[in-house]
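S.K.: dropping the sequence and predicted coords here.
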Amino acid sequence: MSITFWFCFFVSLISVLAVQVPRNNCDEYFTYAPTNLGRDFIGVFKAHRTDLKEFYWEAKFTAHGAHVDQVDYLNPYPSNEESYANVRSGRAAQMFVKFFNITNELPMLTSFKLNNDTLCTNEKYPPPTTTTRVARRMTVDEIRYALQYRKNY
């Protein structure tokens, strides 16, 4: 068989297996990102200011239908160590959520707030839907303490 056939076959297969990424109006502060060679996905949040040292992250996601929860906890991105280093060097703090139990579409970000400042909102899907809220309070000192504690043990 020709190379063209196999190329078309694999392109078709990938398009069938591809996960739909919802559109949102929050490109400046949020992005979906593939991990694990595209088998898994995360959502990465970015602070709107670089001078913050205390954070209260809050986001809501909506999924079609009565799904099981698909959104994990908020965690520093890309790791505690790098998140602390980024904030201390004047870069914007970042957090991420992992998505799981994804079949064909990622949950849509419908609200993102940082320190009670609404950074973006999107309209929810029409019912039936499942909404998941994630939130986490964090300080730069908390990250530094966790890193020091880990190094001492």
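M.R.: All right, it came through fine. Being a predicted model, the structure only gives us computed values, none of them experimental.
S.K.: return the residues in contact with the most centrally placed residue in the chain.
M.R.: Taking CA atoms, centre = their mean, the centroid of the chain lies closest to residue 43, which sits 1.4 Å from it. Listed by CB atoms under 8 Å, 6 or more residues apart in numbering, the contact set of residue 43 reads 30-33, 59, 61, 71, 96-97, 99, 106, 109. C-beta coordinates here come from the backbone N, C-alpha and C atoms, glycine included.
S.K.: give me the pLDDT for residue 124.
M.R.: Note on residue 124: pLDDT of 89.
S.K.: number of residues surrounding it?
M.R.: Burial measure for residue 124: 15 neighbouring residues, criterion other CB atoms under 10 Å.
S.K.: now it. Nearest residue, chain neighbours left out?
M.R.: Closest residue to residue 124 apart from its sequence neighbours, by CB to CB, 6 or more residues apart in numbering: residue 62 at 4.6 Å.
S.K.: what's the spacing between the one you found and residue 78?
M.R.: 26 Å (CB to CB, to the nearest Å).
S.K.: of these two, who's got more company?
M.R.: With neighbours defined as other CB under 10 Å, residue 62 and residue 78 compare such that residue 62 has more, 18 against 13.
S.K.: which SSE is the more buried one in?
M.R.: Using DSSP states H and E, residue 62 sits within strand 54-64.
S.K.: packing partners for the helix or strand just after that strand?
M.R.: Remark: after strand 54-64, the chain's next helix or strand is strand 75-76, criterion DSSP H and E. If contacts are counted by 3 or more CB pairs under 8 Å, 6 or more residues apart in numbering; DSSP states H and E, strand 75-76 sits against helix 80-88, strand 94-99.
S.K.: distance to residue 113 added to these, as CSV?
M.R.: Output for the helices and strands packed on strand 75-76, formatted as CSV (distance: least, CB to CB, whole Å):
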stretch, distance to residue 113
helix 80-88, 19
strand 94-99, 12
